[in-house]
Structures are given as structure tokens and as C-alpha cells.
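Visitor: Got a predicted structure plus its sequence, pasted below:
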Amino acid sequence: MMLFIDRATREKLIKHFLLLPTVGISLVVILIAVSLYLRSNQILSLYSLNQLLFSSNWRPLAGEFGFFPFIMGTIWVTCLSMLIAIPISLLTAIYLSEYAHPKIRKTIQPFIDLLAGIPSVVFGVFGVLLIVPVIRDYIGPFFGASTSGYCILAGGLILSLMIFPILISISFEVLQMVPSETRQAALALGSTKWEMIKHVVLRMAYPGLVAAIVLGFSRAFGETMAVLMVVGNVPVVPESIFDPGYPIPALIANNYGEMMSIPLYDSALMFAALLLFLIVVFFVVISKIVLMRFRRSTI
Amino acid sequence: MNSRKVEENFFKILMVFSLMVVIGSLLLVFAIVTYKGASALSISMITQIPQGGYYLGRGGGILNAIIGSLYLAGGALILGTLISLPVAWYLNQCKRNAKRVTIIRNILDIACGIPSLIYGAFVFLVIIGLSQRTSLFWGIITVALFVSPILIRAVDEVMQTVSTRLKEASYSLGATEMETLFHVITRQALPGIISAIILAFGRAIGDAAGVLFTAGYTDSIPTSLSDPVATLPLAIFFQLSVPFQEVQARAYASCIVLLAIVLLLTIISRIASKKTARYVIK
């Protein structure tokens, strides 16, 4: 049949056909937001937003839903992981982009890709096997804290390993976008390589690096399994990095089983999912805006 | 030595140290998991399904989870590719709607950032809404939704790198936009597309949080799309939460299996994209 349709019509038909899945997949994001909102509407109509976000009482059976411990747990783990991952990833990216021989760069690239491909459960197992005992037996006692090892620090460490690849690869790309003429100009003025990096490359790449960090943040926020396995999952507001915490994704993943049997519980968990969704979207949008400005300024 | 040189060297040492930390942590993950799991790894582990009392330390293996993961990731990848290729084609060749294309790219970037847990929660709501039960089918839907944006953006990036000169050569020979798209751009981007698909397979097989809500869990191998299905990451998670040493050792052994699959996929993607790269015009 196709043979008898002239080329121009076929062209149009194909284009219309391609539009269909494109619109479909874009709608999924909107559908997710709408369905999570509709489901959490129930709890939003019974409690004020203030109450949900800033109350520390989490007793689903008694009808008390305060998300503050979970929000704090998420913030503690995420910020700690970023504190660890940002300097290490940036230094690695700078080294790969500015110092490393192309050959070294080429050999290291697959390792970073591989690190990105390791399933989160494996990181969790690694945490349970190595990081938790080390914190319990060495790091905790060293700082005079008695800890089970299942704590914010363990979650933060594991999470930082998991966001290394995304931070490194985006910062590397951003650094590579800095035009080489500016580098040469700085070197020609007699600066050392590090001065050139510090005063020229990093300054020019700054917005792009911010975008990389923001994207890393959004990845860290949503990470579920690995963190859940090492962070302790106790719904109290953590006071130090040796306290256990309970991030939002872990809350959702741990309780999906019984959420249909307790009134309002499902609505509360979907509200948590909505919260997570909104935070991630917010971060991605910010990083997009920053990156777009950066691209415009370098061209 | 002046202070400028000292500063330079100081940071250089820091950089090399950071690189060591990154590579070292990767090697450490592999080393620790292999060291701990090697003793529990056996032939029966990967050729049998769990027998009665498996979670108390009796015989059996995790074949159900291995097969389940392959079914799930395979199905999701087929579905995901069927969705993703047309979208990537649209983004690259329907230029008259430049504004619409930019909007869709931005939406897809957001979709890439959404954690798989959220996709799981969404599909879970759909399952409840349609009063269905968790099954392989819904697991495949979840994972396909989760990997599609990643796949689209990866394929899209590769297609964008196809040189305009090549496209113009094709147009000048009288080819239409779509003919150019299928015969020139897609062929030229094929190595990238293949490695993107294989890497997405890796993401699909390693995902645990998404299928937690939607795929159910079972000790047998699924025979139809409406059966519940076990996955390797969840099998690891459940075995680890059993308070028996032997079962936990099996969780570590399962980790080796999962890592081996991921490693194999990475190698296959490298070889495949190298092989198909022969037909690419440089």
C-alpha cells in the first residue's frame, strides 16, 4: 500500500505518527504530578501544610502525620553526601580536563561509566559490609560517639559514591566548553597552570559547575535503596551525623506494603512522593536555567 | 621554589588523590562484594529456584530472580525502544516546530531526573485505579517509563552530532526529511543508539525502587505477563534482611551475579558500538 502513496503525503503521515509517542511521553510527567496530587489531596484537606511539613509527630496509627523528621533526614543525608562529593568530583574533573594525558583520560572514562552503572542495591550491600562496621568500630568511637553504624554518615558516604559519576561527567563537559584561546591567553601572560585554572577556567565554567552540582543534588534526593539499607530508618530528627535518619524515599519504599490498611496512610505517602517530585523538578529546572545562561555566555 | 609552584603542586596532589578515591571506591565495591560473596556462589545458586525453607538457609538458588530480571528488563527495553526511537526521530527532524521541540526536550530532562521510586508510585496508583494486581506486565510498564526518557535523551544527543554536511548531501540528492532521517541520520548514529540501549538495559536491570510497588515478588519463574515476578536487586535486598548468616552470604553472591551482568553489558556495548562503527562515515 505504502508504495502508492506519494512521497510528500508519506512524509506528512510519518511526522504525525512520530508526534504521537512524543506527546505521550511528555504527558507522563504531567500525569504523574496530577495523580500524586489527587491522591494526596485527601490528607492536604485534613491537615494544614504547615502541620504536615513542620510537625515531628509521626504516628500513622493515631492519625498524626508530621513529615519533619523525614524532611530533615533527607536534607542531612543529601547535604552530607554533597559536601563529600563536590570537592572530590570537581578536583577529579579538573584533573581529567586540564592535566591528564588524553590516554589516561581514555582509560579512566570507562571506570567512571562503570561506577555509574553499578545498581544501587550493590552500593547498599557494600555499605552494610564495609562502611557501617567501619563507622561503628572506628570512626564513631574516634569522635566519642556510640553508634550502630547505621547512620546519616553511612548514608551520606554511600550516596556520595553514587553521585560521583554524574558530577564528574557533567563538570568535565562544562570545563571542556571553556575555549582554549582564553587558556592560552592566561598562560601567555605568565600564569602557572593552576593560576590559569583558578582565575580563568573555573571562573568561566562557574555557572556550568553550579548546574552540575544542582543536578547531583536532584539525583541524591531521589536515591532510595542504597540509602535505605544503611541509614537506620528511625523517624526522629537527627542531631549529629552519627544519628540514624529516615529520608523520604526510604519512608515510601519501606511502607508501601501496609499503606492500604491504615486510613490516610496511602494519602500521606503519596504526599511524600509529591514532595519528592516537586523538589526534583525544582532542582532540574534551576540547573537547566543556569546551564542555558552559561551556554549563551560562552558562545 | 616559589609559593606559586607550591600551590600548583599542592592542588595537583589533591587532584590525583581525588581521582584515586573515585577509582579506588569503584574497585573497593567490586573487591568487597566479590570477597564476601564468592564462598556462597555455587552452580545451584544460579540454576535453581528457591526451595522450601530457602530463606532459612536450605537449598535452592535465585534463578527465579535472574530470569525475572531478564524478562523485566528485556520487556521494558523492547517497549522503551519502541517509544524512544520515534520520539528521538521527532526531536531531530521536525524542525519546523523548534519551540515545541525545545519544550519537549526540557520536559524529558525533568523526566530523567525523576527517581524510579516516583514512577513506581505512579504506576501503583494506576494499578489501584484499574483494580489490577502487581505483575510482570506492570513492572515492565514502570521500568519502560523510567528508562525511556534516559534512552531518548541519549539517542537524541547522538543524532544531534551527525554532521549537517552529510544531511545536506542527502537533501541535495532529492531525499526528503524523513528519508534522510531513516537512511542517513539513524544509520550514522547506530553505534551510539546501540550502546545507549544496552546501557539503558543496565539501568533497567539494576533498578529496585520502581518495581518494589509494581512487580510483586515470587519464588517461581513467571509464565505469563500477569504473573508476579522476582527481580535480582529485590532478591538481594530481601535475602540481606533475613537474620541468618547463610542467607546473607547468598545476598552477597547474588550481588556478584548482578555485577557480572552489568559488567558484561558494558563490555558488550563497547564491542557492539565498535563493530557497527565500521559503517559510519567519518
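Guide: Okay, I see it. Numbering: from 1, shown residues only, chains lettered A, B, ... in the order given.

Visitor: Find the nearest non-adjacent residue to A:Ala212, please.
Guide: A:Ile170 (3.8 Å; CB to CB, 6 or more residues apart in numbering or on different chains). To be clear about C-beta, it is placed using only N, CA and C from the backbone, and glycine gets the same treatment.

Visitor: My guess is the one you found contacts A:Leu215. True?
Guide: Yes - counting by CB atoms under 8 Å, A:Leu215 is a contact partner of A:Ile170 at 6.2 Å.

Visitor: so what does the helix or strand that A:Gln42 is a member of touch, helix or strand wise?
Guide: A:Gln42 belongs to helix A:7-46 when assigned by DSSP states H and E. Counting contacts by 3 or more CB pairs under 8 Å, 6 or more residues apart in numbering or on different chains; DSSP states H and E, helix A:7-46 is packed against helix A:265-298, helix B:63-93, helix B:98-113, helix B:116-129, helix B:136-160, helix B:177-180.

Visitor: Show the pLDDT at the closest residue to A:Ser169 other than its chain neighbours.
Guide: With sequence-adjacent residues excluded and distances taken as CB to CB, 6+ apart, A:Ser169 is closest to A:Ile112, at 6.6 Å. Note for A:Ile112: predicted pLDDT of 88.

Visitor: wait, what's in contact with residue 81?
Guide: Let's take chain A. Going by CB atoms under 8 Å, 6 or more residues apart in numbering or on different chains, A:Ser81 touches A:155-160, A:163, A:220.

Visitor: Wait, chain B was what I had in mind.
Guide: B:151, B:197 are the contacts of B:Thr81 under CB under 8 Å, 6+ apart.

Visitor: how close does it get to B:Ile152?
Guide: Separation of B:Thr81 from B:Ile152 (CB to CB, to the nearest Å) stands at 10 Å.

Visitor: who's in contact with the residue positioned nearest the centre of chain A?
Guide: Closest to where the C-alpha atoms of chain A average out (CA atoms, centre = their mean) is A:Arg219, at 1.5 Å. Residues counted as contacts of A:Arg219 (CB under 8 Å, 6+ apart) are A:162-163, A:166, B:113.

Visitor: Considering these, which possesses the most neighbours?
Guide: Using other CB atoms under 10 Å in any protein chain shown as the neighbour test, the contacts of A:Arg219 are led by A:Ile163, with 25 neighbours.

Visitor: which residues does it contact?
Guide: Counting by CB under 8 Å, 6+ apart, A:Ile163 touches A:81-82, A:85, A:89, A:216, A:219-220.

Visitor: and the contacts of A:Ser81 as TSV, adding secondary structure and distance to A:Lys288?
Guide: Listed next are the contacts of A:Ser81 as TSV, based on DSSP: H, G, I helix; E, B strand; the rest coil; distance: CB to CB, whole Å:
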residue	secondary structure	distance to A:Lys288
A:Gly155	helix	28
A:Gly156	helix	26
A:Leu157	helix	29
A:Ile158	helix	27
A:Leu159	helix	23
A:Ser160	helix	24
A:Ile163	helix	18
A:Ala220	helix	18
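
Visitor: Write the ChimeraX selection for whichever of those are buried.
Guide: This is the ChimeraX syntax for the buried subset of the contacts of A:Ser81, where burial follows 16 or more other CB atoms under 10 Å in any protein chain shown:
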select /A:155,156,157,158,159,160,163,220
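
Visitor: Can I get the contacts of A:Ser81 in a markdown table including pLDDT?
Guide: Converted to a markdown table, those look like this (pLDDT from 0 to 100):
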| residue | pLDDT |
| --- | --- |
| A:Gly155 | 94 |
| A:Gly156 | 94 |
| A:Leu157 | 94 |
| A:Ile158 | 94 |
| A:Leu159 | 94 |
| A:Ser160 | 95 |
| A:Ile163 | 92 |
| A:Ala220 | 88 |
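
Visitor: Among the contacts of A:Ser81, which one sits closest to B:Ser273?
Guide: Nearest to B:Ser273 among the contacts of A:Ser81: A:Ile163, at 25.8 Å, using CB to CB.

Visitor: Tell me how far the residue nearest to that closest one when sequence neighbours are not counted lies from A:Val210.
Guide: Once flanking residues are discounted, A:Ile163 sits nearest to A:Gly216: 4.6 Å by CB to CB, 6+ apart. Using CB to CB, A:Gly216 is found at 11 Å from A:Val210.

Visitor: who has more neighbours, those two?
Guide: When A:Gly216 and A:Val210 are compared for neighbours, A:Gly216 comes out ahead with 29 against 16, by other CB under 10 Å.

Visitor: wait, what's in contact with the more buried one?
Guide: A:Gly216 makes contact with A:82, A:85-86, A:89, A:163, A:166-167, A:170 under the criterion CB under 8 Å, 6+ apart.

Visitor: measure it to A:Pro60 for me?
Guide: Per CB to CB, A:Gly216 is found 32 Å from A:Pro60.

Visitor: picking that back up, okay but the residue nearest to A:Ser169 is in contact with A:Phe164, surely?
Guide: Yes - A:Ile112 is within contact range of A:Phe164, at 7.5 Å (criterion: CB under 8 Å).

Visitor: Quick one, grab the pLDDT at the residue in the stretch 1-150 of chain B positioned nearest to chain A.
Guide: The nearest approach of the stretch 1-150 of chain B to chain A comes at B:Pro115, 2.6 Å away (CB to the nearest CB). The per-residue pLDDT reported for B:Pro115 equals 90.

Visitor: now do A:Phe54
Guide: 86.

Visitor: and it, what is it in contact with?
Guide: Per CB under 8 Å, 6+ apart, neighbours of A:Phe54: A:66, A:68.

Visitor: OK, now which residue of the stretch 151-282 of chain B is nearest to chain A?
Guide: The nearest approach of the stretch 151-282 of chain B to chain A comes at B:Gly206, 2.7 Å away (CB to the nearest CB).
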